[in-house]
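Visitor: Output the structure for:
(3 chains)
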Amino acid sequence: MKILNSLITRRTFLNGLMGGWLATLAATILSPILKFVSPPYQEPDKVSLPLADYQDLAPNTAKSFAWGSKPGFIKMKDDGTYQAFVGVCSHLDCNVTYLPDKRKFYCACHEGWYDENGINIAGPPPKPLRQLTVAVDGVDLVVKRPGVA
Amino acid sequence: MKNKAASWFEQRLGLRAVFAFLTKKEVPQHKHTIWYYTGSSILLFLGIQIVTGMMLALYYKPTLEGANASVGRIMTQVPLGWIVRSVHSLSASCMIALVMVHLISIMLTKSYRKPRELTWMSGVLLLVISMGFGFTGYLLPWDALSLSATKVGTDIPRVIPVVGAWVSNFLRGGEDVTGDTLTRFFLFHICVLPLLVILALAVHLYLIQKQGISVPLEAERDKDKVRMLPFWPNFVLRESIVWLVLLGLVVTGAVFLAPSLGPAADLMAPAPQGIRPEWYFLFLFQTLKLFPANVVGIPGEALAVFLILFVLGLFFFLPLIDNRPAERKGKVITGLAYVFLAYAAALTVWSLL
Amino acid sequence: MIRKRIALAMVLVLMTLAAAPLLASGSPGQATATAVFPQTPPDKAKVETIHPAPKNIKERSAVYVFLVWLWLTIGSLIYVFALKIREADRILSLHYYQPDKSPRRRRLRL
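Guide: Numbering: from 1, shown residues only, chains lettered A, B, ... in the order given. Down below sits the predicted model:
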């Protein structure tokens, strides 16, 4: 059966098919490689800390703990309750510190300031510090991501 | 539009000459043509090693404390890490096996005769470098087996007089195998040996392009009758099929024959039972075991090492030794080559029993 | 003969289309277990051999799917390459690029 008019020649069709399959092969090899080189980082859902380490925190002081591979802060409020923050600046990821005399969190990289509740008040940070829920559970201080049961 | 871009590059790089050469390149067709595929297959595996090696190096920690744990992390936590490590390990064995097949085919068809002596010598260099890759890579997981293999392997040069101790200390980074040895071997594996392999390969490939593909002795006599196949596209298409099949086999093999990882090596612990080097060193290992402790006052180990070095030297200079391949001398040398192959195979099998 | 070839090519196209959802749902690698950072410091590494294997049934089936897909791709490519080899060899035997050797081209006075 001879096709008198055709959009593409048989050669173009077969070449296209071959190109398509080669691309598929490349994707088949490439996608595991990409998965391998960028492993997903998962933040912990919760972290249990020994209450004894944080029991003697004076009001208006903060102590750091490990939130996965980021620093976290456990802060004792004036009314005696705990607050927990992820101690990473929302601007460009530098680690912040708490200055009790100023009642503010301070990021030294670009002079970013957060108030005692982590709200960004001065400098480049666009968002407040991330807050985590913290509760006493027996002999542990359990810090959780908000929304995690 | 495409032609404008092509001509822009052509005016500056002048690569059309290279492409023109490739289209004119021809491959002889005869009953031994199948062995021509071994060379490029080695290149395929080298490419696989480089890619998987770079991927593994993203997570590997070349320190005494971190090595074994990092390999364990790759195998358990990094997505598909166990497949990447498995491919790297299997493809290493395949590459060295192919290098040996390539060497055997060249040796038996006597393709090393004039003017291809330097091609052969760079090839022997490439064989030694490949085995060096295998040896240095074997230590990197830092488990009990690899530690023992490295201790034995780096102790062997000691028997060479004058320079032996220095060579051994250089390889180990000291008198004993320590964390320094690991760092050193890692450097050899990812930097020094790759640079050497690129150099030797450049020489090897340049010579092949310049001199053309060789034909076996018998075919050379009937020169008119040898059919030539154009390299592009005929031979390249066939080669691509071989590459595709090898790629599929290596990935499939890696999934089902993945190597495991033992616990971290303890420098103070006694050697475990059943230590042995990788399969391509087995015949050398067995040769060493064959020699008695003392032969006429000379330590047997020293004799074995000298014998091995001597045979390696014979291999390297084979084209110069076998300068009359078509005559009786050539036939004797072919016979000796078969004897050597039989010896290597027998000893490998023996060491596994 | 040509009809058979076209039919086979159509089958390949249909297979490609059928596989599109597989590709769209993400590479088989996505089904693998993600790296989990432990909440508590990891126990001292258990002194045992680590055997490489997929972590769960999802990852195991993903690996099998990946292998099947890989061989399917390789098989189709080999088929197309074989066609091309046949074409290239035929051109060679016709001495298409060397008119003085080719009887047919000489006849056509090309």
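
Visitor: does chain A sit close to the longest helix seen in chain C?
Guide: Of all segments of type helix in chain C, defined using DSSP state H, the longest is helix C:57-93. Yes - taking C-beta under 8 Å from any C-beta of the partner chain as the criterion, helix C:57-93 and chain A are in contact, through C:66, C:69-70, C:73-74, C:76-77, C:80-81, C:83-84. For glycine as for every other residue, the C-beta is placed from the backbone atoms N, C-alpha and C.

Visitor: Just the buried positions in that helix, please.
Guide: C:59, C:62-63, C:66-67, C:69-74, C:76-81, C:83-85, C:88, C:92 (16 or more other C-beta atoms under 10 Å in any protein chain shown).

Visitor: And the residues of helix C:57-93 next to chain A, which is closest to B:I241?
Guide: C:F81 (5.3 Å; C-beta to C-beta).

Visitor: Is that closest one in contact with B:S240, as I believe?
Guide: Yes - between C:F81 and B:S240 there is a contact at 5.8 Å, judged by C-beta atoms under 8 Å.

Visitor: Please name the nearest non-neighbouring residue to B:N169.
Guide: Leaving aside its sequence neighbours, B:N169 sits nearest to B:E175 (C-beta to C-beta, 6 or more residues apart in numbering or on different chains; 6.1 Å).

Visitor: any idea how far that neighbour lies from chain A?
Guide: As for B:E175, its distance to chain A is 38 Å (criterion: C-beta to the nearest C-beta, to the nearest Å).

Visitor: Which single residue of chain A approaches chain C most closely?
Guide: Per C-beta to the nearest C-beta, A:S31 is where chain A lies closest to chain C, at 3.4 Å.

Visitor: Check the stretch 51-200 of chain B too.
Guide: B:W82 (3.6 Å).

Visitor: ok, and the closest non-adjacent residue to that residue?
Guide: C:P52 (3.6 Å).

Visitor: hang on, the one you found in a helix?
Guide: No - C:P52 is assigned coil when assessed by DSSP: H, G, I helix; E, B strand; the rest coil, not a helix.

Visitor: To what extent is B:A304 buried, counted in neighbours?
Guide: By other C-beta atoms under 10 Å in any protein chain shown, 19 other residues sit near B:A304.

Visitor: max-length helix in the chain?
Guide: No chain in the question, so chain A it is. helix A:10-37.

Visitor: my bad, chain B
Guide: Ranked by residue count under DSSP H, the longest helix found in chain B is helix B:81-109.

Visitor: In the helix or strand that that helix is followed by, which residues are buried?
Guide: Moving toward the C-terminus from helix B:81-109, the next helix or strand (DSSP states H and E) is helix B:117-139. Going by neighbour count (16+ other C-beta under 10 Å), the buried part of helix B:117-139 is B:117, B:119-127, B:129-139.

Visitor: What score does residue 68 have for pLDDT?
Guide: Looking at chain A here, since you left the chain open. Looking at A:G68, its pLDDT reads 87.

Visitor: Sorry, I should have been clearer: chain C.
Guide: Reported pLDDT for C:V68: 93.

Visitor: Ok, A:M18 next?
Guide: pLDDT, read off for A:M18, is 89.

Visitor: how much space between it and chain B?
Guide: The value you get for A:M18 to chain B, if C-beta to the nearest C-beta is used, is 10 Å.

Visitor: can you check A:V143 too?
Guide: Taken as C-beta to the nearest C-beta, the span from A:V143 to chain B is 23 Å.

Visitor: what sits against that residue?
Guide: A:46-49, A:65, A:67, A:72, A:74, A:84, A:132-134 (C-beta atoms under 8 Å, 6 or more residues apart in numbering or on different chains).

Visitor: hang on, the earlier thing: for the longest helix of chain B, could you pull out the residues that count as buried?
Guide: Buried residues in helix B:81-109, defined by neighbour count with 16+ other C-beta under 10 Å: B:81-96, B:98-100, B:102-107, B:109.

Visitor: What values do phi and psi take at the residue nearest to B:G173 when sequence neighbours are not counted?
Guide: Spatial nearest neighbour of B:G173, excluding adjacent residues (C-beta to C-beta, 6+ apart): B:D180 at 3.5 Å. Here is the backbone geometry of B:D180 (degrees, to the nearest 10): phi -60, psi -40.

Visitor: neighbours around the residue lying closest to B:A271 once chain neighbours are set aside, how many?
Guide: Excluding the flanking residues, the one nearest B:A271 by C-beta to C-beta, 6+ apart is B:S148, at 4.7 Å. Using other C-beta under 10 Å, B:S148 is surrounded by 20 other residues.
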